[in-house]
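Visitor: Show me the folded form of this:
(2 chains)
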Amino acid sequence: MIDPIHQFNIDKIFTIGHIGNQEIAFTNSSAYMFVSVALISLLMIGGVAGRQLVPGRFQSMAELSYEFVANTIRSNAGSEGMKFFPLVFSLFMFIMVSNMIGIIPYTFTVSSHIIVTVSLALLVFLTVLVYGFYKNGLKFFKLFVPSGVPIYILPLVVVIEIISFLSRPVSHSVRLFANMLAGHITLKVFASFVTMLGAFGFVGWVGAILPLGLTVALTALELLVAFLQAYVFTILTCIYINDAIHPGH
Amino acid sequence: MARGFRLSSELIAGVVVGAVIGWGFDRLLSTSPWGLIVFFLLGFVAGVVNVIRSAGVSPERTGR
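Guide: As a prediction, this is how the structure comes out:
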């Protein structure tokens, strides 16, 4: 009964094929990814299908999410960053919708597995690297050489800057993963206190009011965290893309 | 809680990446344990730099 980790189990639904000896399976994680992509498509395609001048409920949701992401990119990476709008918008919507789905009881949270967040963060990291070298050529290395540092400590600073740059995908992915994992475990632990205390009869029921209230409050907090982490991921993506467009501090 | 997670993940990422680089350096050049020691400390410094930057404490001054 009390197994707060069980919700993160990966279950195989059916097998697609084999690569070498490795089985490629369609899992519950893949299913929930498809669900969130389907929901996003429904919102965006269904929202703009009407094309009314005065937007309805669906259309204004679609327009609001567009405006929100567009403003985030413009304020963090400048108008040049709008080239990356499709990437950033897909990342934001995918993370936010899959996090929101994960809050519903009995569902699976896609971003609570580090492999998912690492692949998203590496996608951003490699985009920044490839685009940075494509746009700036070797001037991209200026990113590692802050201006105005005395020559005798410059080698040390460059090494530190390079490590700091390499640590970006790590912190980028761990942040999202750890937040979702910790939040869901906390929620499960507090919820299990309710049933444990409830087994003690009347005194237990009175005592269970506290963890029950906490569970409700934590669910609201998790809703905030789900949105906030998607937003933080998006902002950091914009900041990294800004580095690719304008290297040098 | 979100802010705490953000800052701590920056610090840990710096230290972990530094340690991994040092470990790989040692394996390739068999300079154990000096690479690990040096890069672990450099990773710690990089982590602190990350934390200062992401906390937004005077980005002007840290850039200089």
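Visitor: can we go C-alpha only for contacts and neighbour counts from here?
Guide: Will do.
Visitor: Tell me the helix or strand right after the lengthiest strand in chain A.
Guide: Longest strand in chain A, counting residues (DSSP state E): strand A:12-19. Per DSSP states H and E, the first helix or strand lying C-terminal to strand A:12-19 is strand A:22-27.
Visitor: picking up where we left off before, may I have the strands that pair with the longest strand of chain A, each with its orientation?
Guide: Sheet pairing for strand A:12-19, assigned by DSSP bridges, gives strand A:22-27 (antiparallel).
Visitor: Just the residues contacting the partner strand, thanks.
Guide: For strand A:22-27, contacts defined as CA atoms under 8 Å, 6 or more residues apart in numbering or on different chains pick out A:10, A:11, A:12, A:13, A:14, A:15, A:16, A:17, A:18.
Visitor: My guess is the first one contacts residue A:28. True?
Guide: Think residue A:10. Yes. Applying CA atoms under 8 Å, one finds residue A:10 in contact with residue A:28, separated by 6.3 Å.
Visitor: So which of the two has more stuff around it?
Guide: residue A:28 (19 against 13; other CA atoms under 10 Å in any protein chain shown).
Visitor: OK, contacts around the more buried one?
Guide: A:10, A:11, A:12, A:13, A:108.
Visitor: and which of the residues you listed is nearest to chain B?
Guide: Using CA to the nearest CA, residue A:108 comes nearest to chain B of those, at 21.4 Å.
Visitor: Give me the pLDDT for the nearest residue to the closest one once chain neighbours are set aside.
Guide: Leaving aside its sequence neighbours, residue A:108 sits nearest to residue A:102 (CA to CA, 6 or more residues apart in numbering or on different chains; 5.4 Å). Looking at residue A:102, its pLDDT is 91.
Visitor: Kindly report the same for residue B:17.
Guide: Reported pLDDT for residue B:17: 91.
Visitor: surely it meets residue B:44?
Guide: No. If you go by CA under 8 Å, residue B:17 and residue B:44 don't touch, sitting 9.3 Å apart.
Visitor: which one of those two has more residues nearby?
Guide: More neighbours surround residue B:17 than the other of residue B:17 and residue B:44, with 26 against 23 (other CA under 10 Å).
Visitor: Where is the longest helix in chain A?
Guide: Assignment by DSSP state H gives helix A:202-245 as the longest helix of chain A.
Visitor: does chain B sit close to that one?
Guide: Yes. Using CA under 8 Å from any CA of the partner chain, helix A:202-245 comes into contact with chain B via A:225, A:229.
Visitor: contacting residues for residue A:158?
Guide: A:144, A:145.
Visitor: ugh, typo on my part, it should be residue A:230
Guide: Residue A:230 touches A:92, A:93, A:95, A:96, A:176, counting by CA under 8 Å, 6+ apart.
Visitor: go with 10 Å
Guide: Contact analysis of residue A:230 by CA atoms under 10 Å, 6 or more residues apart in numbering or on different chains lists A:91, A:92, A:93, A:94, A:95, A:96, A:97, A:98, A:99, A:176.
Visitor: Can you tell me the number of residues neighbouring the fifth one?
Guide: Applying the criterion other CA under 10 Å, we find 27 residues in the vicinity of residue A:95.
Visitor: Roughly how far does the residue located most distally from the centre of chain B sit from chain A?
Guide: When distances to the mean C-alpha position of chain B are computed (CA atoms, centre = their mean), the maximum falls on residue B:30, with 22.4 Å. Counting by CA to the nearest CA, to the nearest Å, the separation of residue B:30 from chain A is 20 Å.
Visitor: That residue and residue B:39: what is the separation?
Guide: 14 Å (CA to CA, to the nearest Å).
Visitor: what do you get for residue A:217?
Guide: 43 Å.
Visitor: The two - which one has more neighbours?
Guide: Using other CA under 10 Å, the more surrounded residue of residue A:217 and residue B:39 is residue B:39, with 25 against 13.
Visitor: Surely the more buried one is in contact with residue B:47?
Guide: No. Distance between residue B:39 and residue B:47: 11.8 Å, which falls outside the contact criterion (CA atoms under 10 Å).
Visitor: okay, and the common contacts of the two?
Guide: With CA under 10 Å, 6+ apart as the test, residue B:39 and residue B:47 both reach A:160, A:163, B:15, B:16, B:17, B:18.
Visitor: Most widely separated two among those residues?
Guide: A:160 and B:16 (13.3 Å; CA to CA).
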